[in-house]
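A.B. asks: The sequence and its predicted three-dimensional model are supplied below.
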Amino acid sequence: MEDLFSPVLNCIHIPRQVFSTSSNQGTIADSGTTLACLADEAYDAFISAITNTVSQTVRPVLSKGNQCYLITSSVAEIFPQISLNFAGGASMILNPQDYLVQQNSIGGAAVWCIGFQKTQGQEITILGDLVLKDKIFVYDLVNQRIGWTNYDCSYQCLCKC
């Protein structure tokens, strides 16, 4: 079966086989899941790539086992966009607010945490609401495909079905 998903972060590639589709492995888009989950093998590479990219500007900290960062300026100015690349050439671009969650403040610095968790002992990747927000999805059941477009969900949807 064709590989469906492979994230790219500043040219850090996670091996496609991590996201191969099989009966116990693959990628799920699930707006009912709050955060996002990465397959075990991908999670550590993902966290390391982000931390290495921003470590000169922010202070990495762990909070309740989650990778977080103390930030005194805008996350959009510091953190990179992430491209989730899918089979067939489709890409979903994630801005920092699409993968970071603000927790609290410490001494005047905001604490932002990675909104991805490790799927312990599983090779499933789940793209939850954090990643899927501000997107409209289209399901093509006949051709067994999905598609999406960016949309500011704070506006009323005037979609026609």
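C.D. replies: Alright, I've got the coordinates. Numbers count the residues shown, from 1 in each chain.

A.B. asks: can you pull the buried residues of stretch 94-106?
C.D. replies: Leu94, Pro96, Gln97, Asp98, Tyr99, Leu100, Val101 (16 or more other CB atoms under 10 Å). All C-beta atoms are positioned from the backbone trio N, CA, C, and that covers glycine.

A.B. asks: now stretch 32-40
C.D. replies: For stretch 32-40, by 16+ other CB under 10 Å, it's Thr33, Leu35, Ala36, Cys37, Leu38, Ala39.

A.B. asks: and Ala29, what pLDDT?
C.D. replies: Listed pLDDT for Ala29 reads 77.

A.B. asks: what about the helix or strand hosting Leu70, average pLDDT?
C.D. replies: Using DSSP states H and E, Leu70 sits within strand 66-71. Within the predicted structure, the mean pLDDT of strand 66-71 is 92.

A.B. asks: Please could you give me each C-alpha atom of whichever helix or strand comes after it, formatted as CSV?
C.D. replies: Next helix or strand after strand 66-71 toward the C-terminus (DSSP H and E): helix 75-78. Below are the C-alpha coordinates for helix 75-78, written out as CSV (Å, rounded to 0.1, in the frame of the first residue of the first chain):
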residue,chain,number,x,y,z
VAL,A,75,5.9,32.2,18.4
ALA,A,76,5.3,33.1,14.7
GLU,A,77,8.6,34.9,14.6
ILE,A,78,10.6,32.1,16.2
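
A.B. asks: Go through the buried residues of stretch 32-40 and flag which are in strands.
C.D. replies: Mapping the buried residues of stretch 32-40 onto strands (DSSP state E) picks out Ala36, Cys37, Leu38, Ala39.
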